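[1] pasting a predicted model and its sequence here:
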Protein chains: 2
Amino acid sequence: MTPSSTPPSIHGQSAIRVEIVVMTVVNSDLKVMLEKRIDQPFSGTWALPGDFVSISADKNQGEDLFTAAQRVLKSATGMTGTNRFLEQIYTFGRAGRDPRMRVISVAWCALVPPELFDMQTDATVQWFSASEETPWIRMAFDHAEILEIGIQHLRNRVDHSTLAFELVPPTFTVGELRTVYDAIKSKRYDPRNFRRRFQRMLTSGLVEEASGKRHLGKSRPAKVWRLSEQFNEKVSKGS
Amino acid sequence: MTPSSTPPSIHGQSAIRVEIVVMTVVNSDLKVMLEKRIDQPFSGTWALPGDFVSISADKNQGEDLFTAAQRVLKSATGMTGTNRFLEQIYTFGRAGRDPRMRVISVAWCALVPPELFDMQTDATVQWFSASEETPWIRMAFDHAEILEIGIQHLRNRVDHSTLAFELVPPTFTVGELRTVYDAIKSKRYDPRNFRRRFQRMLTSGLVEEASGKRHLGKSRPAKVWRLSEQFNEKVSKGS
DNA sequence: CCAATAGTGTCTATAAGACAGTATTTC
DNA sequence: GAAATACTGTCTTATAGACACTATTGG
């Protein structure tokens, strides 16, 4: 091997995209945001939010991948401020995956608060239930595969990170937190066993008691908690 | 968002590379293969094996990322046949990471049998101990970061895959397998506790007894085992 | 006999799953 | 009182770590 010694120009260049699997949890249902394509190819099918990465020939070379992912996420959700959970998951670069030209897509996984679910729904932007509807949607390019890996990434990470707290209000009850776990893992955690798990979050200092109580339905009011200040920081990493 | 509707040409294009973190275990020591750069930039420093991905403007669009990774791996190791462990780990695309031009590097993690360690060592190709020497090597570009993430990937995966069996002979003793785990995790597993873990591999059908015994040093001969046929297949996935 | 590894077994701690029962609210 | 959720607790199982002991080889 001759590392990096060959002039790159003879190898050709490729367009670079970022595609974001934007997810949230509403009513214990994991939702994913998709956009309807209007142009060819795959006109009329659903696609992940995404865009080409700006690349320039001058000295600054264009925008970072992470910056591009943030930009697309803000544009798709209308959110201001930086998102706390935006992680790179995989890069898709098979030849022919875009019929027009060679395209490399760096896929990302993002979580947004459930409030967005109510706001953002029209003819071109729609939220789909990840567990049930997703397999039946006709999707553009290889986005069905990307979506699958994005959901898988979320399921693998939820047990070893604080990402679940991105999907509950700043103060929350044990039941609300469990509901988020239920939705992501697509199973019903036993409320009694989950509470034991929550107890360990408490003794380890991950969560702390908040003031007041909350009662949602027709049942006993529950204590409210919050993520401890020291953990209440951003978790993402760029590239 | 306008999904994929904008003509890509105005966004510019980038060179695409694959970089491989090639690792093996020799004498309970995790080793990584590096190549010495001769050309500028970073002349004289060490770099991961890698190359530009061939991209063409015609209909076939060039080679797949996975194919490129396989090609680089074969070229760097001189191995024939397809490698069983070659997994994509992360994509590095920060602007300015290559001073010459914009380059996106898709990083991969590969395991090769220990025999290669003896063969491949000269002025330009060298194996370094991952646990001790690595922090002290002057590396090209952001390859130190890529290497770090590659080692981390291996450590995370070894407990939930059959990857350790890539680094022992076709038939092996419990001690030989434990030695591989020791090297990858950079800790000493208790031989008695590890044997219990091995027992579970046995009862679950992951490994099975082979004929004969083996004794390496000056001690009691040990039973030999093999990975069960049903698991003895390739594990990698392309993109 | 000594050194070294193979192989068997015990005790403890942690975490997850199944499940019993009481407490407090709305209707 | 009925329904629903909050909260406390028990029993069992799986896994990992610390550690004691015997077995078989080479020197």
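    Done, it's in.
[2] point me to the helix or strand that includes A:Met33.
    strand A:29-36 (DSSP states H and E).
[3] distance between the ends of stretch A:202-215?
    21 Å (Cα to Cα, to the nearest Å).
[4] same check on stretch A:56-68?
    Stretch A:56-68: ends 14 Å apart by Cα to Cα.
[5] so which bits of chain A are right by DNA strand C?
    A:159, A:189-190, A:192-193, A:196-197, A:200, A:215, A:218-221 (Cβ under 7 Å from any atom of the strand). C-betas here are computed from N, CA, C, even on glycine.
[6] picking that back up, so the very next helix or strand once past the strand holding A:Met33, near chain B or not?
    Using DSSP H and E, the helix or strand that follows strand A:29-36 in sequence is strand A:46-47. Yes: interface with chain B: strand A:46-47 contributes A:Ala47 (Cβ under 8 Å from any Cβ of the partner chain).
[7] quick one: strand A:46-47 to chain centroid distance?
    How far strand A:46-47 lies from its chain's middle: 16 Å, per Cα atoms, centre = their mean, to the nearest Å.
[8] cool, and stretch A:76-96?
    On Cα atoms, centre = their mean, the centre of stretch A:76-96 falls 7 Å from the chain's centre.
[9] same question for stretch A:227-239, mean pLDDT?
    Mean pLDDT, computed over stretch A:227-239, is 68.
[10] same question for stretch A:108-123.
    Computed over stretch A:108-123, the average pLDDT equals 87.
[11] so A:Thr171 touches A:Ala222, yeah?
    No: using Cβ atoms under 8 Å, A:Thr171 is not in contact with A:Ala222, being 11.0 Å away.
[12] list residues touching both of these two?
    A:Arg214 (Cβ atoms under 8 Å, 6 or more residues apart in numbering or on different chains).
[13] quick one, domains of chain A?
    Listed by automatic domain parsing, the domain ranges of chain A are A:14-157, A:162-236.
[14] and the longest helix anywhere in chain A, does that touch chain B?
    The longest helix of chain A (DSSP state H) is helix A:143-157. No: under the criterion of Cβ under 8 Å from any Cβ, helix A:143-157 makes no contact with chain B; the nearest approach is 9.0 Å.
[15] same thing with stretch A:15-22?
    Yes: Stretch A:15-22 reaches chain B (Cβ under 8 Å from any Cβ) through A:Ala15, A:Ile16, A:Arg17.
[16] among those, who's most crowded?
    A:Ile16 (28 neighbours; other Cβ atoms under 10 Å in any protein chain shown).
[17] circling back to that earlier point, what mean pLDDT does the longest helix of chain A get?
    97.
[18] that one packs against which elements?
    Using 3 or more Cβ pairs under 8 Å, 6 or more residues apart in numbering or on different chains; DSSP states H and E, the elements in contact with helix A:143-157 are strand A:15-26, strand A:29-36, strand A:86-92, strand A:103-111, helix A:174-185.
[19] make it 7 Å
    With contacts taken as 3 or more Cβ pairs under 7 Å, 6 or more residues apart in numbering or on different chains; DSSP states H and E, helix A:143-157 sits against strand A:15-26, strand A:86-92, strand A:103-111, helix A:174-185.
[20] now it: how far from the chain's centre is it?
    9 Å.
[21] then stretch A:74-93?
    7 Å.
[22] now stretch A:122-137
    15 Å.
[23] residues in contact with that stretch?
    A:23, A:29-36, A:46, A:117, A:121, A:147, A:151, A:186 (Cβ atoms under 7 Å, 6 or more residues apart in numbering or on different chains).
[24] ends of it, how far apart?
    End-to-end distance (Cα to Cα), stretch A:122-137: 17 Å.
[25] same thing with stretch A:152-172?
    25 Å.
[26] do the same with stretch A:49-64
    Using Cα to Cα, the end-to-end distance of stretch A:49-64 comes to 17 Å.
[27] give me the distance from that stretch to the chain's centre.
    22 Å.
[28] helix or strand with the lowest mean pLDDT in chain A?
    helix A:115-119 (a mean of 79; mean pLDDT, DSSP states H and E).
[29] rewinding a little: and the strand holding A:Met33, average pLDDT?
    96.
[30] show me what contacts A:Gly96?
    Counting by Cβ under 7 Å, 6+ apart, A:Gly96 has contacts B:Gln61.
[31] gap between it and DNA strand C?
    Separation of A:Gly96 from DNA strand C (Cβ to the nearest atom of the strand, to the nearest Å): 41 Å.
[32] partners of the residue nearest to the spatial centre of chain A in the sheet?
    When Cα atoms, centre = their mean is applied to chain A, the residue found nearest the centroid is A:Ala110 (2.1 Å). With DSSP bridges as the criterion, A:Ala110 is bridged to A:Val22, A:Leu86.
[33] my read: it touches A:Val22, true?
    Yes: with contact defined as Cβ atoms under 7 Å, A:Ala110 reaches A:Val22; the gap is 5.0 Å.
[34] between the two, what contacts are shared?
    Counting by Cβ under 7 Å, 6+ apart, the common neighbours of A:Ala110 and A:Val22 are A:Leu73.
[35] give the contact list for the nearest residue to A:Val103 once chain neighbours are set aside.
    Once flanking residues are discounted, A:Val103 sits nearest to A:Ala15: 4.9 Å by Cβ to Cβ, 6 or more residues apart in numbering or on different chains. Neighbouring residues of A:Ala15 by Cβ under 7 Å, 6+ apart: A:Phe52, A:Met101, A:Arg102, A:Val103, B:Pro8, B:His11, B:Gln13.
[36] could you list the low-confidence segments of chain A?
    For chain A, applying pLDDT under 70 flags the ranges A:1-9, A:119, A:233-239.
[37] now with 80?
    Within chain A, the segments meeting pLDDT under 80 span A:1-10, A:117-121, A:232-239.
[38] how about the residues of it by DNA strand D?
    A:173-175, A:191-193, A:195-196, A:215, A:217-223.
[39] show me the two of those residues that sit farthest apart.
    A:Arg196 and A:Lys218 (25.8 Å; Cβ to Cβ).
[40] please say which of the two ends up with more neighbours.
    Neighbours per residue (other Cβ under 10 Å) separate A:Arg196 from A:Lys218, with A:Arg196 holding more: 9 against 5.
[41] name the element the more buried one belongs to?
    Per DSSP H and E: helix A:191-203 holds A:Arg196.
[42] next secondary structure after that helix?
    Downstream of helix A:191-203 (by DSSP H and E), the next one is strand A:207-214.
[43] between helix A:174-185 and that following strand, find me the angle.
    Orientation note: strand A:207-214 sits at an angle of 110 degrees relative to helix A:174-185 (axes from the mean of the first three to the mean of the last three Cα atoms, to 10 degrees).
[44] would you mark the buried spots in strand A:207-214?
    A:Val207, A:Ala210 (16 or more other Cβ atoms under 10 Å in any protein chain shown).
[45] so what are the sheet partners of whichever helix or strand comes after that strand and their directions?
    Counting by DSSP H and E, the next helix or strand C-terminal to strand A:207-214 is strand A:222-227. Its sheet considered, strand A:222-227 pairs with strand A:171-172 (antiparallel), strand A:207-214 (antiparallel) by DSSP bridges.
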